[in-house]
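Participant: Take a look and give me a structure for this.
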Amino acid sequence: MVEDTWAALAGQFADGAYASVKGRVRTYVMHRQLLEHLPAPPASVLDVGGGAGHQSFPLAGAGYDITLLDPSAAMLDKARQRLRSLPDAARERVTFVEADGADAEEAVGGRRFDAVLCHGVLGYLERPEPVLDQLCRCAAPGGLVSIMAGNADAAAVRPAMEGRWEDALTAFDARTEIGVLGLPTRAGTVAELGESLRARGVEPLQWYGVWLFVDWLDLSGAPPDEAEAERVAAVELEAGRRDPYRRLSRVFHLVGRKKD
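Facilitator: Residues are numbered from 1 along each chain as shown. As a prediction, this is how the structure comes out:
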């Protein structure tokens, strides 16, 4: 039996990280960025490493046909729990598949999707290439590939803003760190990921920043005020579209289209 490495973290990830201002900003900003490129519903969307469905469930609510693929049974249990809060019509548009991203094509029976998402996954993999291969193969001709990854070009920003000067100096050339969940994570650059997609038949269309100001501020603690969270998200959405702000974002969101 394969060990579920996310089992011990499923609650912290689904109920903690995503309930914070920072988590809600990520979901909102990524959703708005995706809607600028996705075809109209009911287009099919494969969410690889989709966890508890925080990114794909809003798309199901908007009318998209969702297949959420994740290797963690514990994460999928969280997703099923969260699915109960959706309207009946949205619940019927969600399918769960328990499988590793490196086996995605086989796990979905060779199906091709109008969009393939992989958000916050590649950084946890020692070798992301097999999953990248699968993302691009599972996209239909003309389909969208959406990836969110750590931004190595801005790795020194957060430790410097926190006054951790030795860490900041090291971070200029670092590609790995211990993330908020206590796991090692790896960052990359927009240029590197863009070249990797091109080599797999996917042409980059646009990229965005995702976390800038919220990554510098301590927004932990009490549950966020709804109005305050909305104001923060609006600023982050705009920063993610503009230079130089997006280049300083903790993570980036790259959207590409598979060649016909």
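Participant: so where do the helices sit in the chain?
Facilitator: 10-11, 21-35, 56-61, 73-83, 88-91, 104-107, 129-138, 157-161, 165-171, 190-198, 213-216, 226-239 (DSSP state H).
Participant: Can you check which of those gets nearest to residue 119?
Facilitator: helix 21-35 (6.5 Å; CB to CB). For every residue, glycine as well, the C-beta is placed using N, CA and C.
Participant: Of all the helices of the chain, which one is nearest residue 258?
Facilitator: Nearest of the helices of the chain (CB to CB): helix 129-138, 6.5 Å.
Participant: chain center to the closest one, what's the gap?
Facilitator: For helix 129-138, the separation from the chain centroid amounts to 15 Å (computed by CA atoms, centre = their mean, to the nearest Å).
Participant: Just the angle for it relative to helix 190-198, thanks.
Facilitator: Helix 129-138 and helix 190-198 are oriented at 60 degrees to each other (axes from the mean of the first three to the mean of the last three CA atoms, to 10 degrees).
Participant: by contact count, what packs against helix 129-138?
Facilitator: strand 44-48, helix 104-107, strand 113-119, strand 139-151, helix 190-198 (3 or more CB pairs under 8 Å, 6 or more residues apart in numbering; DSSP states H and E).
Participant: hmm, back to that, want to throw the helices of the chain into a markdown table with mean pLDDT, mean neighbour count and distance to residue 120?
Facilitator: Compiled in a markdown table, those are given as follows (pLDDT from 0 to 100; neighbours: other CB atoms under 10 Å; distance: least, CB to CB, whole Å):
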| stretch | mean pLDDT | mean neighbour count | distance to residue 120 |
| --- | --- | --- | --- |
| helix 10-11 | 58 | 16 | 14 |
| helix 21-35 | 90 | 21 | 8 |
| helix 56-61 | 96 | 23 | 13 |
| helix 73-83 | 93 | 19 | 12 |
| helix 88-91 | 96 | 12 | 22 |
| helix 104-107 | 98 | 19 | 16 |
| helix 129-138 | 98 | 20 | 12 |
| helix 157-161 | 90 | 17 | 16 |
| helix 165-171 | 94 | 14 | 19 |
| helix 190-198 | 97 | 16 | 14 |
| helix 213-216 | 84 | 19 | 14 |
| helix 226-239 | 89 | 16 | 16 |
